[in-house]
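Engineer: got a predicted structure here, sequence first:
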Amino acid sequence: MRPVGSKYLLEEPLGRGATGTVWRARQRETAGAEAAVAGQPGETVAIKVLKEELANDADIVMRFLRERSVLLRLTHPNIVRTRDLVVEGDLLALVMDLVEGPDLHRYLRDNGPFSPVAAALLTAQIADALAASHADGVVHRDLKPANVLLKNDGERLHPMLTDFGIARLADSPGLTRTHEFVGTPAYVAPESAEGRPQTSAVDIYGAGILLYELVTGRPPFAGATALEVLHRHLSEEPRRPTTVPEPLWTVIERCLRKDPDQRPSAENLARGLRTVAAGVGVHSTPAQVDAALGVGALLAPDPAPAPVPELPGAADPTQVLPSNAGSYDPGAATSVLPSTGPGAADPTSVMPPVPADPEGPHPWQGQMRAARDRNEQTQVQYLDPSQDPLRRRPQRQPQQPPAHQRPPGPQHQPPPQRYAPPPQQQPYAPAPQQRYAPPQPPPPQAPAPRQQREPRRRGANPMRIPGLGCLKGCLFTLVLLFVAGWLIWELTPLQDWVAQGKGYWTAIGDAISTVTDWISQLGGTTSGQ
C-alpha cells in the first residue's frame, strides 16, 4: 500500500491510461474543508494519479489549484464526482467516487452493439452530463466510450462520464500547444484537427461518433494511421448503415456536421434522442413515430456555446507556491541563490586563483610552457625506406682476412654509423623559433660495394650416400611387414589352417627351406638337360 497525502491509501490499480493510473484506494481519515466530500475513515474511493511529467509541470499544477473550485462543484447524476485534489511533491492526483462496473468501450467489445432504442437513451444521459458541464463553462474535449463508466443500479446500466479534471488540465499551455489537439484521433472534431478555435460543439461531435459506434460497433472514420483518420474527419461524410433508423441517423448526421455552428446544443441533443427512442420502439404510437421523423426541428444549434481558449492560462502569470503566502509579491523578480554574502553557495573552483601581481605569468602558463617544451624535443623527420630496419633484411658482414693475408692497396673502410645518438639537450631548454622543421630529402648516398656471397656452410660430414633414404624406407617397410605378419599369425587361426599349429618363425623357416629346395631342384634340372 502507498499513502497519498495524509488522508488516502492506495490499494490496487484498476486501469492505466494516457494521462495516469486509476487506483482503488481507502480513506484513512475525514477530509478537511478544502474537499468537496469529507468522507468517512475506511470508505473506498478511486484515485487517479497523474503521470510524473504532468505533476512536474508548474503550469499544470497551478492550473490544477486554480480550478479546484470548478472541478469540485461539477456535480451531476451522470458525472463521476471529484471529491478532492491532492498535490504533494511530485504527485498530482484526483480523488473521485468509485464506480463499480466496466467502461463503455469494454462493454461494447464483450457484448456487441446496442439496439437503436438503448443507444439513444444511453447517449441522452451523456448529453445531460454535457449540458451541465457546458453550463458551468467546462468542455470535456475527449468524449469516447473509454471515458464512460457503466454503473450497475441492479435493473439498468447508468452511464457516468469521467475524466473532466483531465480535460481541464489538457487546456494548460504546459501540456498543449497551438499545433496540437486534445483528444483521441477517432473521436476528434474537425476544428480540433485543424487547430481552429474550439467551443462546446467539439463534445457534440464526439457524442455523435459515440452514438454511431453504439449502434454499429465501430467508429465512422478509421484508418491505418492517425493522420489518415484526421484526414477523413476533415474531408469525408459518414455513410448511413442499413441497421440505423432514419430518425436516429438524422441525429447522428446533425452531430457530425463539419461546421460547428450547425451542430445542436447538448440540451437539444438529449431532448431529440429521447424523442427518437420513443418513436422507433416496437410499441410506438403514430404520434411518437411522427415526432421522431420530425426530430430535425428539435436539434437547434447552441446560440452561446462555451468557448475553449486558444491559449488557456497564457495571460495568467506563472507563480510558485511561496512558503509565506501573506508576504508574497507577484510582481517581484525571480530570486536565485546568492553568489556572495552569508549563506551563499560555494562556487566550484577549477582554475587556481590569480596571483597578486597581474603583470606576472599565471601559474598555469608556466606549467603549459614546460609541457610544450617537453613535447618539442620529439621531431618528425623523413626516413628513407632502405634505412628502415623494419623493412630491410639484415646483411651478413664479410669476414676480413688476417692482416698478413690482405692484398696491398686501399683497404675497405667500415660504413659509417647510420643512427647517431641524438645530442642531449638540457631539460626545459627554450625551443627555437621554428618548432617543427619541414621534412628534408635524404642526402645522396654512394652505392654500397657488392658483397661476395659466402659459401653455404655444411655439416660435419660432407659425404652424401646416394639412395640412403630409399634404403632406410625399404628396411623400415620390411620390419613393419614382419611385425604385422607375426601379429596376424599369432592372433588369428591362420597357423591352424595353414601350418598345423607351427610357430611363426618355424613356418617362415619351413617356407624358406621349401623355396630354397625348389630353386635348387630347378637349377639341377636345367643343368642336366
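Structural biologist: Great, that's in hand.
Engineer: quick one, strands of the stretch 201-350 of the chain?
Structural biologist: Under the criterion DSSP state E, counting those that start in this stretch, strands of the stretch 201-350 of the chain are mapped to 307-308.
Engineer: ok, which stretches of it are helices?
Structural biologist: Secondary structure of the stretch 201-350 of the chain by DSSP state H, counting those that start in this stretch: the helices cover 201-216, 226-235, 246-255, 266-279, 286-293.
Engineer: the stretch 1-150 of the chain now?
Structural biologist: According to DSSP H, counting those that start in this stretch, the helices that the stretch 1-150 of the chain contains are 52-55, 58-66, 68-73, 104-111, 116-135.
Engineer: low-confidence ranges, this protein, go.
Structural biologist: Scanning the chain for pLDDT under 70 picks out the ranges 67, 165-183, 309-383, 388-468, 495, 497-501, 525-529.
Engineer: hey, which of the helices of the stretch 1-150 of the chain is tucked in deepest?
Structural biologist: Highest mean neighbour count of the helices of the stretch 1-150 of the chain: helix 116-135, a mean of 23 (counted as mean count of other Cβ atoms under 10 Å). (Each C-beta comes from the backbone N, C-alpha and C, glycine too.)
Engineer: which helices and strands does it pack with?
Structural biologist: Helices and strands touching helix 116-135, by 3 or more Cβ pairs under 8 Å, 6 or more residues apart in numbering; DSSP states H and E, are strand 157-161, helix 201-216, helix 246-255, helix 266-279.
Engineer: convert the helix or strand G473 falls within to CSV, retaining C-alpha atoms only.
Structural biologist: In the assignment (DSSP states H and E), G473 maps to helix 468-491. Taking Å, rounded to 0.1, in the frame of the first residue of the first chain, the C-alpha atoms of helix 468-491 are listed here in CSV:
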residue,chain,number,x,y,z
LEU,A,468,70.4,-43.9,-48.4
GLY,A,469,66.9,-42.5,-47.8
CYS,A,470,65.3,-45.1,-50.1
LEU,A,471,67.2,-47.9,-48.3
LYS,A,472,66.0,-46.8,-44.9
GLY,A,473,62.5,-46.7,-46.1
CYS,A,474,62.7,-50.2,-47.6
LEU,A,475,64.2,-51.6,-44.4
PHE,A,476,61.5,-50.0,-42.3
THR,A,477,58.8,-51.4,-44.6
LEU,A,478,60.2,-54.9,-44.3
VAL,A,479,60.4,-54.7,-40.5
LEU,A,480,56.8,-53.4,-40.5
LEU,A,481,55.6,-56.3,-42.7
PHE,A,482,57.3,-58.9,-40.5
VAL,A,483,55.8,-57.5,-37.3
ALA,A,484,52.3,-57.3,-38.9
GLY,A,485,52.6,-60.8,-40.2
TRP,A,486,53.6,-62.1,-36.8
LEU,A,487,50.6,-60.4,-35.2
ILE,A,488,48.2,-61.9,-37.8
TRP,A,489,49.8,-65.4,-37.4
GLU,A,490,49.5,-65.3,-33.6
LEU,A,491,46.2,-63.6,-33.1
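Engineer: packing partners for it?
Structural biologist: If you count contacts as 3+ Cβ pairs under 8 Å, 6+ apart, helix 468-491 packs onto helix 504-528.
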